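*Asks:* With the sequence up front, the predicted model follows.
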Amino acid sequence: MGEILPFTSRNNTGFKAFLSGYQETNHDVTNKTLIPVTFHPHTKTILVQPHTTLFDAAIQAGFFLQSFCGGKGTCGKCKIKILNHQTSHTHEEISLLTSEERSNGIHLACKINVTSPLNVEILNYRVEDETHILNSHSPVNLALDSNVEKIHVAIPEPNLKTQLADCDALVRALNRPGQINIPLAILQSLPEKIREYDFNASVTIAGKHILSIEKGDTTSRKFGIAFDLGTTTIVGTLVNLKDGESLGIAARRNPQTIYGADVISRVNHGATHPDGLVKLQNLAIEALNEIINELSEKTSVKPEEIYEITVASNAIMNHLLLGINPRAIASAPYVPAYKRSQQVTANELRLNVLPQAFVHTLPNISGYVGGDINALILAYEIHHSDKMTLALDIGTNGEIVLGSKERLLSCSAAAGPAFEGGHISSGMRAESGAIDQIAMVNGDLEYHVIGNVSPIGICGTGLIDATAIMLKNYIIDTTGRIANPGENSIPPALRQRIVQHETSNHFQLASSNETQTDHSILITKKDVRELQLAKGAVAAGIEILLTEMGIREKDIEQILIAGAFGNYIDKYNTLSIGLIPNINPEIVKFVGNSASLGAKKFLLSKAARKEAHRINDFVEYIELSGHSAFQEKFMDAMLF
């Protein structure tokens with residue numbers, strides 16, 4: 001299991017910078033027209049425009065509310081309590097909140113519009129919001145053939161006889177064939193610099209482009225950063241480009257999650273708000289800059305010594321990073337603006353490194369199989385493997401790759417947010433307070449909670465464990481029906497955990513006196529169905545690829561599961577609920593953060609970059625929504 005990095009909300013300076021901009025641009029009115037809202041337990045009061053939702057007001061106040069839908073009123077997670085007066089509940093709130101919650105004045109922040117001064121309690125508020133972020137990966141061989149060169153040169157001094165121009169003198173000293181591009185910013189300072197340096201300098205070149213000119217011999221200092229720009233988390237690795245050593249790793253929760261846990265919610269936000277795309281891009285850039293600054297502080301590397309950056313991400317995330325509207329990806333025929341790797345300067349993206357440094361995105365295979373999956377294939381060289389390999393990265397979308405060096409197929413299954421705790425009654429992300437592991441010990445359940453605190457809810461890995469245990473002990477059947485407590489086939493301790501709640505049977509993981517919230521943590525019939533929908537989509541995607549490849553489950557020789565979620569699931573439980581083919585568990589391998597590893601390979605090797613583009617041309621993408629057999633296989637795969 002890889003190292004875990006904590007994410008702390010009070011250190012999220014990028015989010016604070018975003019909020020500063022939000023406040024400056026969002027209130028072109030006098031204070032007389034604004035309405036005060038006070039948030040507890042921090043007792044922070046802000047002024048908002050009339051009819052602002054409490055969800056948006058909380059963002060303005062600097063609070064992350066639990067939300068998977070980005071404030072659309074469909075996930076039921078942004079729970080707050082209005083303290084100073086009673087407010088009627090909307091139809092959506094009646095559907096998503098229990099009668100007990102409604103009677104206690106609990107509402108969804110996204111469904112309450114501010115029309116008068118409010119005192120609001122944010123439920124389950126935690127000062128330290130610690131999220132598990134995976135930054136390790138299985139070891140692989142890394143080739144070292146960097147695109148960035150640093151050359152120490154003695155520049156010929158001009159004289160009256162030759163009157164050699166400074167540019168020509170520099171190019172002659174480099175002794176490199178072909179055209180050399182000198183950016184205007186470097187050209188403008190060239191005459192002063194080379195004389196200040198006594199015509200003795202180190203020149204950094206990427207391809208045919210001069211990136212910097214430095215005094216003396218600094219050829220030992222050459223650095224880059226490989227980013228995994230994920231939908232939920234962002235990981236940056238500072239790399240020595242001379243020897244390939246990783247010098248430091250830093251991570252953040254992706255602050256774009258305030259506009260939805262999934263990429264489609266963010267696409268919709270960008271499409272429906274005049275400045276939505278700009279806000280989403282700015283949030284990503286601020287988070288990358290936070291990581292750059294942290295890595296610089298942790299090491300002796302100055303930001304201006306970072307000469308190249310690579311970014312592995314899904315197609316929508318790298319469109320948002322570049323400020324390109326990904327709207328066309330969200331609807332048929334799901335076409336991205338580009339697939340090939342994009343190269344821009346750090347200056348164009350306002351990244352706090354050498355302004356002339358190049359930023360490269362890894363190629364997208366399709367609109368829904370992006371550069372992060374290209375990175376997975378590149379990292380573990382699946383396209384060169386003799387073994388029939390099934391590779392998965394499971395999240396709100398389950399990206400799936402099947403094949404070998406002979407042929408590679410890919411698809412994306414819309415699993416929904418259940419694997420990340422979304423649409424689950426007590427669901428939450430894998431952060432402090434989440435039950436992430438459950439096991440049977442001496443005939444009853446024992447659970448582990450992230451942060452070693454009392455539980456608040458359950459994340460995706462815990463949900464899989466709970467479901468596998470319920471299935472094994474006859475608490476649920478193959479259809480997902482929860483048994484009655486009187487059924488004798490169920491072990492006695494587990495039988496007592498079956499409770500009737502609002503006319504349905506639920507399975508209790510933690511009683512109200514065990515939790516931080518004074519509410520029991522339950523697995524409901526709806527929760528089981530949400531998991532069935534998620535695992536059914538992924539399993540059906542696998543079945544489609546097997547059929548298209550003309551092979552059966554038993555022909556799979558290795559299964560690689562990538563990503564943070566995949567790294568923490570129990571493979572035996574995953575097999576038992578039918579998420580992945582029920583074959584020899586020994587061939588299942590958790591490979592960790594493959595996107596970071598692929599981005600690092602792309603950063604260190606020109607040959608790896610060529611391979612990444614070859615992968616793009618080699619991999620065949622299958623669109624499941626248009627496949628004739630998908631619906632039938634999906635319905636079958638929902639059963640346990």
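*Replies:* Cool, the structure landed.
*Asks:* What are the boundaries of the helices in the stretch 101-250 of the chain?
*Replies:* Taking DSSP state H, counting those that start in this stretch as the criterion, the stretch 101-250 of the chain carries its helices at 166-174, 184-196.
*Asks:* per-domain residue ranges of the chain.
*Replies:* 34-122, 148-215, 222-361, 382-416+531-637, 426-523 (automatic domain parsing).
*Asks:* To A375, which of those lies closest?
*Replies:* Put simply, out of the domains of the chain the one that sits nearest A375 is domain 382-416+531-637, at 2.3 Å, with distance taken as C-beta to C-beta. Glycine gets a C-beta too; all of them are placed from N, C-alpha and C.
*Asks:* Let me know the average pLDDT across that closest one.
*Replies:* What domain 382-416+531-637 shows for mean pLDDT is 94.
*Asks:* do the same with stretch 220-230
*Replies:* In this model, stretch 220-230 has an average pLDDT of 97.
*Asks:* residues of stretch 184-195 that come out buried?
*Replies:* Residues of stretch 184-195 classed as buried under the neighbour-count rule (16 or more other C-beta atoms under 10 Å) are I186, L190, K193, I194.
*Asks:* Other residues contacting that stretch?
*Replies:* Counting by C-beta atoms under 8 Å, 6 or more residues apart in numbering, the neighbours of stretch 184-195 from elsewhere in the structure are 155, 166-167, 169-170, 182, 201, 210, 212-213, 215, 355-356.
*Asks:* Wait, S146 touches K606, no?
*Replies:* Yes: judged on C-beta atoms under 8 Å, S146 makes contact with K606 at a distance of 7.5 Å.
*Asks:* So for the two, which residue has more residues nearby?
*Replies:* Of the pair S146 and K606, S146 is the one with more neighbours under other C-beta atoms under 10 Å, namely 21 against 14.
*Asks:* Would you enumerate the residues in contact with that one?
*Replies:* Contact criterion C-beta under 8 Å, 6+ apart gives K222, G224, L241, K242, E308, L603, L604, S605, K606 as the residues in contact with S146.
*Asks:* what's the neighbour count on S300?
*Replies:* For S300, which is what you asked about, the neighbour count (other C-beta under 10 Å) is 8.
*Asks:* what do you get for T98?
*Replies:* Neighbour count for T98, taken as other C-beta under 10 Å: 13.
*Asks:* And it, how close does it get to R497?
*Replies:* Here T98 is placed at a distance of 19 Å from R497 (C-beta to C-beta, to the nearest Å).
*Asks:* Tell me which residues of stretch 154-162 come out buried.
*Replies:* In stretch 154-162, counting by 16+ other C-beta under 10 Å, buried: I155, P158.
*Asks:* wait, isn't S489 in contact with Y474?
*Replies:* Yes: the pair S489 and Y474 qualifies as a contact (C-beta under 8 Å) at a distance of 4.7 Å.
*Asks:* Any regions of the stretch 251-400 of the chain where pLDDT drops low?
*Replies:* The model of the stretch 251-400 of the chain has no residue with pLDDT under 70.
*Asks:* Please enumerate the strands of it.
*Replies:* In the stretch 251-400 of the chain, strands defined by DSSP state E, counting those that start in this stretch lie at 306-313, 343-345, 358-361, 389-394, 397-403, listed in chain order.
*Asks:* which one of those has the most crowded surroundings?
*Replies:* Highest mean neighbour count among the strands of the stretch 251-400 of the chain (mean count of other C-beta atoms under 10 Å): strand 306-313, with a mean of 29.
*Asks:* so who does L545 touch?
*Replies:* L545 makes contact with L390, I400, L402, L409, S410, C411, I622, according to C-beta under 8 Å, 6+ apart.
*Asks:* For T33, find the nearest of the helices of the stretch 101-250 of the chain.
*Replies:* Distances from T33 to each of these were compared using C-beta to C-beta; the shortest belongs to helix 184-196, at 45.3 Å.
*Asks:* Averaged pLDDT, the closest one. What do you get?
*Replies:* 95.
*Asks:* what distance separates that helix from the centre of its chain?
*Replies:* For helix 184-196, the gap between its own C-alpha mean and the chain's C-alpha mean amounts to 41 Å (C-alpha atoms, centre = their mean, to the nearest Å).
*Asks:* what's the angle from that helix to helix 166-174?
*Replies:* Taking axes from the mean of the first three to the mean of the last three C-alpha atoms, to 10 degrees, helix 184-196 and helix 166-174 form an angle of 80 degrees between their directions.
*Asks:* sorry, back to before: of the contacts of stretch 184-195, grab the buried ones for PyMOL.
*Replies:* To isolate the buried members of these in PyMOL, using 16+ other C-beta under 10 Å:
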select buried, resi 155+166+169+170+182+201+210+212+213+355+356
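*Asks:* ok so, going back, with distance to L229 added, can I get the strands of the stretch 251-400 of the chain in a markdown table?
*Replies:* Compiled in a markdown table, the strands of the stretch 251-400 of the chain are given as follows (distance: least, C-beta to C-beta, whole Å):
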| stretch | distance to L229 |
| --- | --- |
| strand 306-313 | 4 |
| strand 343-345 | 14 |
| strand 358-361 | 9 |
| strand 389-394 | 14 |
| strand 397-403 | 15 |
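*Asks:* Tell me which residues of the lengthiest helix in the chain come out buried.
*Replies:* With residue count as the measure and DSSP state H as the assignment, the chain has helix 525-549 as its longest helix. Residues of helix 525-549 classed as buried: 525, 527-528, 530-546, 548-549 (neighbour count, 16+ other C-beta under 10 Å).
*Asks:* cool, and stretch 76-85?
*Replies:* Within stretch 76-85, the residues that qualify as buried are G76, K77, C78, K79, I80, I82, counting by 16+ other C-beta under 10 Å.
*Asks:* Dihedrals phi and psi, the first one?
*Replies:* Spelled out, that is G76. For G76, the backbone dihedrals (degrees, to the nearest 10) come out as phi 70, psi 20.
*Asks:* I'd guessed it sits against I94; true?
*Replies:* No: look at G76 against I94 with C-beta under 8 Å: they stay out of range, at 10.9 Å.
*Asks:* Just the ones of the contacts of S146 in strands?
*Replies:* The subset of the contacts of S146 located in strands under the criterion DSSP state E comprises G224, E308.
*Asks:* any chance of the contacts of S146 in CSV, with distance to A261 too?
*Replies:* Written out in CSV, the entries for the contacts of S146 read as follows (distance: C-beta to C-beta, whole Å):
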residue, distance to A261
K222, 38
G224, 30
L241, 35
K242, 39
E308, 31
L603, 29
L604, 32
S605, 34
K606, 37
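*Asks:* Helices along the stretch 351-500 of the chain, start to end?
*Replies:* So, for the stretch 351-500 of the chain - with DSSP H, counting those that start in this stretch - the helices run 371-380, 460-472, 492-495.
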